[in-house]
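# Here is a sequence with its predicted model. Questions after.
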Amino acid sequence: MKALDELTFDNRFARLGDAFSTHVLPEPLDEPRLVVASDAAMALLDLDPTVADTPVFAELFGGHKLWAEAEPRAMVYSGHQFGGYSPQLGDGRGLLLGEVYNQAGEHWDLHLKGAGMTPYSRMGDGRAVLRSSIREFLASEALHALGIPSSRALCVIGSSTPVWREKQERGAMVLRLAPSHIRFGHFEYFYYTKKPEQQAELAEHVLSLHYPECKEQPEPYLAMFREIVERNAEMIAKWQAYGFCHGVMNTDNMSILGITFDFGPFAFLDDFDAHFICNHSDHEGRYSFSNQVPIGQWNLSALAQALTPFISVEALKEALGLYLPFYQAHYLDLMRRRLGLTTAEGDDQKLVERLLKLMQNSGVDYTLFFRRLGDESAALAVARLRDDFVDMAGFDAWAEQYKERVARDGNCSEEQRRERMHAVNPLYILRNYLAQNAITAAESGDYSEVRRLHEVLSKPFEEQAGMEQYAQRPPDWGKHLEISCSS
Ligand code: AMP
Ligand code: MG
């Protein structure tokens, strides 16, 4: 375990130089204080979790202090936002403080979001508010606990700094961790600004540091792109299987590592709704829940375009063609497991689709349905769950097929079935209203609810004593919360 001043830096991205990022110092927050920290994320840096409670921790991650070895940089990138190209984006309010490597030899980018203005702030103030910082923190750690690849979050630091959004709020910073903060939009930036040398440097950087195994392949860049395609397909399959709606799948928010990245007005589904739009500025539903699948491919095509200097168009197209089959395979595999199935049959996809349609028509709680399905034998579970469906006859027909399918899957004890299903079907997810409760308390200076919610969500599959209130359908007020896109 390390103390805060024992972190070891190796700032590989900063060394790429000024064409890739600009040196900017963080702008400190007034009266910085710890809101919440993740012990699990602290462990990634080998940090002793107790250091989070020291004043120097809040000073470091509230922008007051820096390690001598840190090299804070704002990265430049561009990207397609809602389908249109934005030629110049970049870290407008976040800084890559440096790269820390841990005892296991892993590198972790330390990225401070809400750290003040940079050359890429455009019209923004460089700040992040407490509400959105808490949401990013909780989501990163909750997704990770569910087994969904995501950037991580070390802590949220609150402050008394006023920040103006629709009303006056308080500024905060979230310290984000990821093996890299390079986005699809980085490649697009150098492609569209016609800087082939820098683009080649960036490609070599990503290949060597993040996809070294692809270097052994006859066409390393193609192998890397294929891997990116598969990782994105797998990530999105997991979003769909667990009901996560990202909300702003612009290419500047897509990580080159295939991890969930840049949390905005995201939401987990309460009731199953394929057409759910969590982003209130997304009037056409470009990033609706079910559209996430084709948009994943659209985004990969945008990346492919930017990789045409390194890979033939034909090969890129072929690799893009792998996206849907990869997606289908990962999605179906996970949905089978959510249904308690251990074998594969040709009609399983239909079984899943029929169930989702029934859930959609009746507004059934997506998370609790699967959890309860594993509580007891298939026959008893479906008998109990049928009351949640308006179309009971439709559900009965599905339930008959399901029971037969379970019987063909092979014998197992009720105990085994429960264990297997509960291991993939969470009891606790980050419902919007739970986040909102925690935020309301935090805004009045009480951080206990954020901390408790974070704790509960770190073990989503484990029933936790006294935490029943986190495993309920939302109350009426919490069903259709408008999550502000300003952050
Ligand atoms: P986002 O929608 O958070 O992914 O951000 C899109 C772009 O706007 C990125 O370049 C951000 O850095 C920038 N941005 C968002 N909010 C702010 C802000 N408050 N101040 C400066 N730049 C911002
Ligand atoms: Mg972004």
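Thanks, I have it. Ligands and ions are numbered 1, 2, ... in the order given.

# what's the helix or strand for whatever residue of the stretch 1-150 of the chain ends up closest to ligand 2?
When distances are taken as C-beta to the ion, the stretch 1-150 of the chain reaches nearest to ligand 2 at Leu89, 7.4 Å away. Placement of C-beta: from N, CA and C, glycine included. Secondary structure assignment for Leu89, by DSSP states H and E: no helix or strand.

# was I right about it contacting Ser78?
Yes - applying C-beta atoms under 8 Å as the test, Leu89 and Ser78 come out as touching, 5.3 Å apart.

# shared neighbours of those two, which are they?
Both Leu89 and Ser78 are contacted by Gly185, Tyr189, Asp252, under the criterion C-beta atoms under 8 Å, 6 or more residues apart in numbering.

# ok, now which ones touch Asn411?
With C-beta under 8 Å, 6+ apart, Asn411 has no contacts at all.

# that older thread, need the contact list for the residue of the stretch 1-150 of the chain closest to ligand 2.
Under the criterion of C-beta under 8 Å, 6+ apart, the contact partners of Leu89 comprise Val76, Tyr77, Ser78, Gly79, Tyr120, Gly185, Tyr189, Asp252.

# do that again at 7 Å, thanks
Under the criterion of C-beta atoms under 7 Å, 6 or more residues apart in numbering, the neighbours of Leu89 are Tyr77, Ser78, Gly79, Tyr120, Gly185, Asp252.

# re the thing from before, most neighbours among the shared contacts of Leu89 and Ser78, which one?
With neighbours set by other C-beta atoms under 10 Å, the maximum within the shared contacts of Leu89 and Ser78 is found at Gly185, which has 28 neighbours.

# Same question for it, what's its three-state structure.
Each residue gets one of three states, and Gly185 gets helix by DSSP: H, G, I helix; E, B strand; the rest coil.

# roughly how far apart are the residue of the stretch 201-350 of the chain found nearest ligand 2 and Leu207?
Distances between the stretch 201-350 of the chain and ligand 2 by C-beta to the ion are smallest at Asp262, namely 3.9 Å. With distances taken as C-beta to C-beta, to the nearest Å, Asp262 is found 23 Å from Leu207.

# which residues sit against the one helix or strand Ile134 maps to?
Take DSSP H and E as the rule and Ile134 turns out to sit in helix 130-146. Taking contacts as C-beta under 7 Å, 6+ apart, the residues outside helix 130-146 that touch it are 35-36, 38, 41, 114, 150-153, 156, 158, 169-170, 172-174, 242, 244, 260, 263, 266, 426, 430, 435, 438-439, 442-443, 450, 453-454, 457-460, 487.

# before we move on, what about stretch 53-67?
Applying C-beta under 7 Å, 6+ apart, the contact partners of stretch 53-67 are 4, 7, 9, 26-29, 32-34, 51, 72, 112, 115-116, 155, 157, 159, 173, 175.

# ok, now with 8 Å
Contacts of stretch 53-67 from elsewhere in the structure, counted by C-beta under 8 Å, 6+ apart, are 4-5, 7, 9, 25-29, 32-34, 37, 51, 72, 97-98, 112, 115-116, 154-155, 157, 159, 173, 175.

# ok, back up a step: pretty sure the residue of the stretch 201-350 of the chain closest to ligand 2 is touching Val248, no?
Yes - the pair Asp262 and Val248 passes the contact test of C-beta under 8 Å, sitting 7.0 Å apart.

# Number of residues surrounding Ile256?
Here the number of neighbours of Ile256 (other C-beta under 10 Å) works out to 24.

# my guess is it contacts Leu207, does it?
No - the criterion here is C-beta under 8 Å, and Ile256 misses it with Leu207 at 10.4 Å.

# returning to that earlier point: in terms of neighbours, single out the busier of Asp262 and Leu207.
Taking neighbours as other C-beta under 10 Å, Asp262 and Leu207 compare with Asp262 leading, 21 against 17.

# wait, what's in contact with the more buried one?
For Asp262, the set of contacting residues under the criterion of C-beta under 8 Å, 6+ apart consists of Val248, Asp252, Asn253.

# Any idea how many residues pack against the first one?
By the other C-beta under 10 Å criterion, the neighbourhood of Val248 contains 20 residues.

# Quick check: pLDDT value at it.
Looking at Val248, its pLDDT reads 97.

# One more: the second one?
Predicted confidence (pLDDT) at Asp252: the value is 98.

# from here on, count from 2
Renumbered: residue one is now 2, and that last one reads Asp253.

# wait, is it part of a helix?
Yes - according to three-state DSSP, the state of Asp253 is that of a helix.

# Pretty sure it sits against Ser87.
Yes - at 7.4 Å, Asp253 and Ser87 qualify as touching, with contact defined as C-beta under 8 Å.

# list residues touching both of these two?
With contacts defined as C-beta under 8 Å, 6+ apart, the residues adjacent to both Asp253 and Ser87 are Ser79, Gly80, His81.

# Filter those down to the ones in strands?
Judged by DSSP state E, strands contain the following of the shared contacts of Asp253 and Ser87: Gly80, His81.
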